[in-house]
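Could you look at this predicted model? Sequence included:
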Amino acid sequence: MATFQNNPDEWQRLDWSILQNGWTSLYWKQEILETDLTWFKSEHYSIADLDCQTWTGENEMHKQLKDKLIFPDYYGENWDALNDCLSDLEIKNAGQIVVFRHLDNLDTKQAHTLLDIFASNSRRQMLFGKRLIVLAQVDNPNYHIGQVGATPVMWNQAEWLSSNRQ
């Protein structure tokens with residue numbers, strides 16, 4: 001199932017405009033974020049809204065991710081477990097929106113890791129016609145974070161192991 005139809009009407013949609021350039025959109029003004037969230041609600045997206053200001057550390061972050069995204073009890077509350085659970089995330093309705101408010105409360109490395117894991121899983125979900133979109137709100141209008149979701153050039157399955165290329 002295609003995520004979108006090849007139709008000019010679809011190209012005007014908010015989800016299209018975000019996904020055509022990646023899987024994450026950065027926001028500074030709360031009112032713009034709220035306007036976009038209203039659109040996503042009207043289009044029947046599920047929304048998980050997280051406030052990074054309440055995170056006292058990675059443990060609290062993982063607890064809230066588990067709660068908001070309804071991860072299973074065996075969620076290991078670490079980066080690898082987050083990646084695993086997002087790859088199995090059940091996306092209902094039109095898609096899943098994950099909002100990170102005050103993302104700039106996290107140190108840059110932590111924020112980058114978080115967004116990178118979500119970007120990789122958004123790409124994976126699109127293979128199955130599912131939409132996983134991240135909206136990241138920051139309080140600093142000059143905030144910058146490096147690329148997320150970069151994809152490496154991988155060896156084919158038959159030559160994956162170095163020993164198969166000897």
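In hand now; what should we look at?

going forward, measure contacts and count neighbours with C-alpha atoms only.
Fine.

Distance from the chain centre to stretch 111-118, please.
The chain centre lies 8 Å from the centre of stretch 111-118; the measure is C-alpha atoms, centre = their mean, to the nearest Å.

Could I get the buried residue list for that stretch?
Within stretch 111-118, the residues scored as buried using 16 or more other C-alpha atoms under 10 Å are Ala111, His112, Leu114, Leu115, Asp116, Ile117, Phe118.

In contact with the residue nearest to the fourth one when sequence neighbours are not counted, which residues?
What sits nearest to Leu115 in space, not counting adjacent residues and going by C-alpha to C-alpha, 6 or more residues apart in numbering, is Val148, at 6.4 Å. Under the criterion of C-alpha atoms under 8 Å, 6 or more residues apart in numbering, the neighbours of Val148 are His112, Leu115, Asp116, Ala119.

Can you say which helix or strand has the most centrally placed residue in the chain in it?
Nearest residue to the geometric centre of the chain (C-alpha atoms, centre = their mean): Phe118, 3.5 Å. Take DSSP states H and E as the rule and Phe118 turns out to sit in helix 108-126.

Report all helices and strands that the helix or strand just after that helix contacts.
Toward the C-terminal end, the helix or strand that comes next after helix 108-126 (DSSP H and E) is strand 132-137. Counting contacts by 3 or more C-alpha pairs under 8 Å, 6 or more residues apart in numbering; DSSP states H and E, strand 132-137 is packed against helix 14-19, strand 24-27, helix 30-42, strand 95-101, helix 108-126.

Now render the ones you listed as CSV, adding distance to Leu65.
Below are these laid out as CSV (distance: least, C-alpha to C-alpha, whole Å):
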stretch, distance to Leu65
helix 14-19, 22
strand 24-27, 17
helix 30-42, 19
strand 95-101, 10
helix 108-126, 11
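
Now render those as JSON lines, adding mean pLDDT and distance to Val138.
Below are those laid out as JSON lines (pLDDT from 0 to 100; distance: least, C-alpha to C-alpha, whole Å):
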{"stretch": "helix 14-19", "mean pLDDT": "88", "distance to Val138": "17"}
{"stretch": "strand 24-27", "mean pLDDT": "92", "distance to Val138": "6"}
{"stretch": "helix 30-42", "mean pLDDT": "95", "distance to Val138": "9"}
{"stretch": "strand 95-101", "mean pLDDT": "97", "distance to Val138": "7"}
{"stretch": "helix 108-126", "mean pLDDT": "95", "distance to Val138": "11"}
